[in-house]
Structures are given as structure tokens and as C-alpha cells.
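[1] using only what follows, build the 3D model:
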Amino acid sequence: MKADLVVDACYKSCPGPLLALAEAMMKASPGQVIMLLATDPAAPLDVREWASNVGHKILKVEEENGIYRIYVEVSS
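    Have a look, this model is predicted:
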């Protein structure tokens, strides 16, 4: 999956990955896809909950070798 922006929050613990993603989302345009890289095992659940509360769309969550790739589409 292609991302317009990559946010590397590897080795940051909660709430680091979510804060980094939220900051990037504020600068992004509606429809853009942001890929969050995170090693915090709570990141996928935290991002899903946050995105559902603010209206962004989770497109895909992948995990490989302990690194999560979470793709989020920016809402309008």
C-alpha cells in the first residue's frame, strides 16, 4: 500500500506513536494516507480507537518482525 507520508514512531512508548500520528494528521490534507511505524504493541489498538473517535479511517494494519505498519486515511 502506498502512503503519502511516513511517521516513524518506532521505539516510542505510549502515547508517543499516537501523538506523532496526530501531529502529522493536522498537517496532512483530506484523502492523504499516512503510514505509522511503531513497535509499541498497544499502538494498533490505540490508533484504531483514536481514529474512530475523530473520524479518520484505518485502511490496513500489518506487523512484521515486531514493527507495526498502520495506514490511516485523513478525513475531511
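[2] ok, and the closest non-adjacent residue to the spatially most central residue of the chain?
    The centre of the chain sits closest to residue 36, judged by Cα atoms, centre = their mean, with a distance of 3.9 Å. Leaving aside its sequence neighbours, residue 36 sits nearest to residue 70 (Cβ to Cβ, 6 or more residues apart in numbering; 4.4 Å). The C-beta positions use only the backbone N, C-alpha and C, and glycine is treated the same way.
[3] which stretches of the protein form strands?
    For the chain, the strands defined by DSSP state E cover 5-9, 33-38, 57-64, 67-73.
[4] tell me the most buried of the ones you listed?
    Of those, the one with the most neighbours on average (mean count of other Cβ atoms under 10 Å) is strand 33-38, at a mean of 22.
[5] contact partners of that one?
    1-10, 12, 17, 20-21, 24-25, 28, 43-44, 47, 59, 67-74 (Cβ atoms under 8 Å, 6 or more residues apart in numbering).
[6] likewise for stretch 57-71?
    Counting by Cβ under 8 Å, 6+ apart, 1, 3, 10, 21, 33-41, 43-44, 47-48, 51, 72-73, 75 sit against stretch 57-71.
[7] same question for stretch 42-50.
    Stretch 42-50 is contacted by residues 9, 14-15, 17-18, 21-22, 36, 38, 40, 56, 58, 61, 63, 68, 70, 72 when judged by Cβ under 8 Å, 6+ apart.
[8] average pLDDT across that stretch?
    If you average the pLDDT over stretch 42-50, you get 96.
[9] okay, it in PDB with CA atoms only?
    The C-alpha coordinates for stretch 42-50 follow below in PDB (Å, rounded to 0.1, in the frame of the first residue of the first chain):
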ATOM      1  CA  ALA A  42      -0.500  -1.100  22.100                       C
ATOM      2  CA  ALA A  43      -0.300   1.200  19.000                       C
ATOM      3  CA  PRO A  44      -2.700  -0.700  16.700                       C
ATOM      4  CA  LEU A  45      -5.500  -0.700  19.300                       C
ATOM      5  CA  ASP A  46      -4.700   2.900  20.400                       C
ATOM      6  CA  VAL A  47      -4.800   4.200  16.800                       C
ATOM      7  CA  ARG A  48      -8.000   2.300  16.000                       C
ATOM      8  CA  GLU A  49      -9.800   3.800  19.000                       C
ATOM      9  CA  TRP A  50      -8.500   7.300  18.300                       C
END
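[10] right, I'll call it a day here.
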